[in-house]
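> Can you look at this prediction? I've put the sequence above it.
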Amino acid sequence: MKIIIGSEQEIAKKAAQQYVDLLAKKPDAVLGGATGSTPLGLYAELVKLNKEGVISFKDVKTFNLDEYVGLDGSHDQSYRYFMNKNLFEQVDIDLANTHVPSGIDTENCAAYDDEIKAAGGVDLQLLGIGVDGHIGFNEPGTPWDSITHVVELEQNTREVNSRFFEKLEDVPTHAVTMGIKTVMNARAIILMAIGKSKAEIVKAFIEGPVTEAVPASILQLHPFVTVYLDEEAAALLSK
Ligand code: PGA
């Protein structure tokens, strides 16, 4: 794993440069998207670079990691809504080329993996990390060979995410998420983490054992992972 540490702004810029480089080589790349607070700086940077004409998403396809079960794309806490607002509607992407798992029609959600394959596979997958080590909504204990599936959210995850909802009871109890295998199939991966609440889990997934108890630890086995950390998230790293 390549580890890059800097201020929140620096890492957003450096991560954005990875997209610039990829799209220069492969304008029709397939990008794996993530939601949450962490990617907002990166998305703002990508919007800026798009407006400046440095990058174009005209031929790009995207596949997002996850979605809440029960929320459709018009719900302001759905991840489809988040992506439209924070990235897709602000760049020159064709919305028809953007994919977020359906939170409504979840019965055949494993077909999402087939759609990704049919699009040529993900070239660059973006990830945040939960304080419990989850990637996407793959909570601790998720099998390494999992593909897109429905999960019951941990109480702690619902509590952490309740900041975006009026009250805890409004946070969906289930989500649909790419599996660990789906994520590991990506040709390259970026994981970003910001803030001191992530410091312990950052140390655990980078320096600790590869274990299903820490879903992000599987990334130690992927050949092309770049981890972007702000100083607070990196504070407990020993090496
Ligand atoms: P955050 O979420 O970016 O809002 O911290 C990350 C995650 O839970 O994967």
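Structure's in. What do you need?

> quick one: buried residues of the longest helix seen in the chain?
In terms of residue count, the longest helix belonging to the chain (DSSP state H) is helix 8-25. Neighbour-count burial for helix 8-25 flags 8, 11-16, 18-19, 22-23 (criterion: 16 or more other CB atoms under 10 Å). Placement of C-beta: from N, CA and C, glycine included.

> Kindly report the same for stretch 101-109.
101-103, 106, 109.

> how about the strands in the chain?
In the chain, the strands defined using DSSP state E lie at 2-6, 30-33, 61-64, 66-68, 98-99, 124-127, 149-152, 174-177, 188-193, 225-230.

> I'd like the ones you listed written out as a markdown table, with mean neighbour count added.
Converted to a markdown table, the strands of the chain look like this (neighbours: other CB atoms under 10 Å):
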| stretch | mean neighbour count |
| --- | --- |
| strand 2-6 | 14 |
| strand 30-33 | 24 |
| strand 61-64 | 23 |
| strand 66-68 | 25 |
| strand 98-99 | 20 |
| strand 124-127 | 26 |
| strand 149-152 | 18 |
| strand 174-177 | 24 |
| strand 188-193 | 24 |
| strand 225-230 | 23 |
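
> is it possible to export the ones you listed to CSV including distance to the ligand?
Output for the strands of the chain, formatted as CSV (distance: least, CB to the nearest ligand atom, whole Å):
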stretch, distance to the ligand
strand 2-6, 17
strand 30-33, 12
strand 61-64, 12
strand 66-68, 9
strand 98-99, 19
strand 124-127, 7
strand 149-152, 13
strand 174-177, 10
strand 188-193, 8
strand 225-230, 12
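
> Let me have those in JSON lines, extended by mean pLDDT.
Below are the strands of the chain laid out as JSON lines (pLDDT from 0 to 100):
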{"stretch": "strand 2-6", "mean pLDDT": "98"}
{"stretch": "strand 30-33", "mean pLDDT": "98"}
{"stretch": "strand 61-64", "mean pLDDT": "98"}
{"stretch": "strand 66-68", "mean pLDDT": "98"}
{"stretch": "strand 98-99", "mean pLDDT": "98"}
{"stretch": "strand 124-127", "mean pLDDT": "99"}
{"stretch": "strand 149-152", "mean pLDDT": "97"}
{"stretch": "strand 174-177", "mean pLDDT": "98"}
{"stretch": "strand 188-193", "mean pLDDT": "98"}
{"stretch": "strand 225-230", "mean pLDDT": "98"}
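
> Could you save these as TSV and add columns showing distance to residue 48?
Converted to TSV, these look like this (distance: least, CB to CB, whole Å):
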stretch	distance to residue 48
strand 2-6	18
strand 30-33	17
strand 61-64	18
strand 66-68	26
strand 98-99	19
strand 124-127	17
strand 149-152	34
strand 174-177	29
strand 188-193	17
strand 225-230	17
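
> For the worst-scoring helix or strand of the chain on mean pLDDT, buried residues please.
Ranked by mean pLDDT, DSSP states H and E, the weakest helix or strand in the chain is helix 155-161, scoring a mean of 94. By 16+ other CB under 10 Å, the buried positions in helix 155-161 come out as 157-158, 160-161.

> ok, those residues vs residue 117, which is closest?
Distance to residue 117 across the buried residues of helix 155-161 (CB to CB) is lowest for residue 157, with 28.1 Å.

> contacting residues for that closest one?
By CB atoms under 8 Å, 6 or more residues apart in numbering, residue 157 lies in contact with 130, 132, 134, 137, 139.

> Separate out the buried members of those.
With burial judged by 16+ other CB under 10 Å, the buried subset of these is 130, 132, 134, 137, 139.

> Just give the closest residue to the last one, not the sequence neighbours.
Right, residue 139. residue 154 (5.1 Å; CB to CB, 6 or more residues apart in numbering).

> mind checking how far that neighbour is from the ligand?
11 Å (CB to the nearest ligand atom, to the nearest Å).
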